[in-house]
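Colleague: next comes the sequence, and after it the predicted model I'd like to discuss.
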Amino acid sequence: MDVDGVAILARGIAARGPEGIVFANLDLRVEPGALAVIAGPSGTGRTALLLALSGRLPLVTGHLDVSGHVLPAQAKAVRQLIRPARLRPGYELEDKHRVREAIAERRLISGVSESAVEAALDRVRIAPDRTALIDELHPAERLLFAVALTIAGSPAGILVDDVDAGLPRAGRAQVWAGLREVTRTGMTVLASATDPPSGDVDVIPLPVREPERPTKVLDRQEEEVAR
């Protein structure tokens with residue numbers, strides 16, 4: 001599996017969510033085949049940035065180029081290049097499906113071959129029980145299984161949200177090792193985590209946003225005093 005990974009260049013980008021601006025004035029560069037980890041505590045906009053970089057969340061300002069495709073005008077093309085393995089909430093494997101059912105469904109939807117799925121499982125170094133339910137898998141194996149199903153289609157990049165959520169130290173190490181193996185194909189991996197790994201990783205830190213101070217509403221007595 002040899003893939004031309006996506007390259008990303010962003011200057012001064014900002015995005016807005018239901019509760020206001022989630023990130024602003026952000027500059028970043030991701031090279032093809034990199035493991036890039038968006039790092040920060042919960043609520044700093046990690047998932048929103050993954051969505052924005054993959055053409056799934058419109059920007060309010062700034063310049064964003066993904067392998068020559070400028071967003072938002074070419075968002076559809078970018079969404080084809082970068083596929084989600086896990087995005088929370090909304091894009092995760094169905095817990096009550098069996099492993100074999102998840103494989104069959106992915107093959108039907110994406111048209112990948114059985115051999116491509118096997119190669120992807122080997123790439124991330126897992127061999128899940130085909131009769132097991134998804135929620136019976138160890139959390140690390142479950143996440144890597146989602147990654148394997150996604151890379152079987154050889155996209156230029158993948159998204160992996162909340163890599164370290166609910167994983168013990170050994171499980172985190174297993175997942176990061178699997179994602180590093182994915183980058184050896186040339187594929188770009190865009191991940192998010194609270195605590196990024198050390199080593200050959202491009203860390204994109206997100207600052208903690210200060211909560212907006214509520215506007216004080218003066219009662220009638222305070223209004224009289226203020227006058």
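Modeller: Cool, got the structure. Numbers count the residues shown, from 1 in each chain.
Colleague: please make it C-alpha for all contacts and neighbour counts, starting now.
Modeller: OK.
Colleague: Glu181 and Ser192, how far apart?
Modeller: 17 Å (Cα to Cα, to the nearest Å).
Colleague: these two - which one has more neighbours?
Modeller: Ranked by neighbour count (other Cα atoms under 10 Å), Glu181 and Ser192 place Ser192 first, with 28 against 17.
Colleague: which SS state does that one fall under?
Modeller: Under DSSP: H, G, I helix; E, B strand; the rest coil, Ser192 falls in the strand class.
Colleague: list the contacts of it.
Modeller: Listed by Cα atoms under 8 Å, 6 or more residues apart in numbering, the contact set of Ser192 reads 37-39, 46-47, 50, 160-163.
Colleague: which strands and helices sit next to the strand or helix carrying Arg172?
Modeller: Per DSSP states H and E, Arg172 falls inside helix 169-183. Judged by 3 or more Cα pairs under 8 Å, 6 or more residues apart in numbering; DSSP states H and E, helix 169-183 is in contact with strand 35-39, helix 114-123, helix 139-151, strand 188-193.
Colleague: in a markdown table, list those along with distance to Ala15 and mean pLDDT.
Modeller: Formatted as a markdown table, the helices and strands packed on helix 169-183 follow (distance: least, Cα to Cα, whole Å; pLDDT from 0 to 100):
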| stretch | distance to Ala15 | mean pLDDT |
| --- | --- | --- |
| strand 35-39 | 15 | 97 |
| helix 114-123 | 34 | 96 |
| helix 139-151 | 26 | 97 |
| strand 188-193 | 17 | 97 |
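Colleague: I'd like to know which of the ones you listed lies nearest to Ala170.
Modeller: helix 139-151 (9.0 Å; Cα to Cα).
Colleague: next helix or strand past that closest one?
Modeller: strand 157-160.
Colleague: which residues touch that next one?
Modeller: By Cα under 8 Å, 6+ apart, strand 157-160 touches 5-6, 50, 81-87, 147, 150-151, 187-192.
Colleague: hang on, the earlier thing: Asp202: which of the helices and strands packed on helix 169-183 is closest?
Modeller: strand 35-39 (4.5 Å).
Colleague: which other residues reach that closest one?
Modeller: Contacts of strand 35-39 (Cα under 8 Å, 6+ apart): 30, 46, 49, 179-180, 183, 188-196, 200-206.
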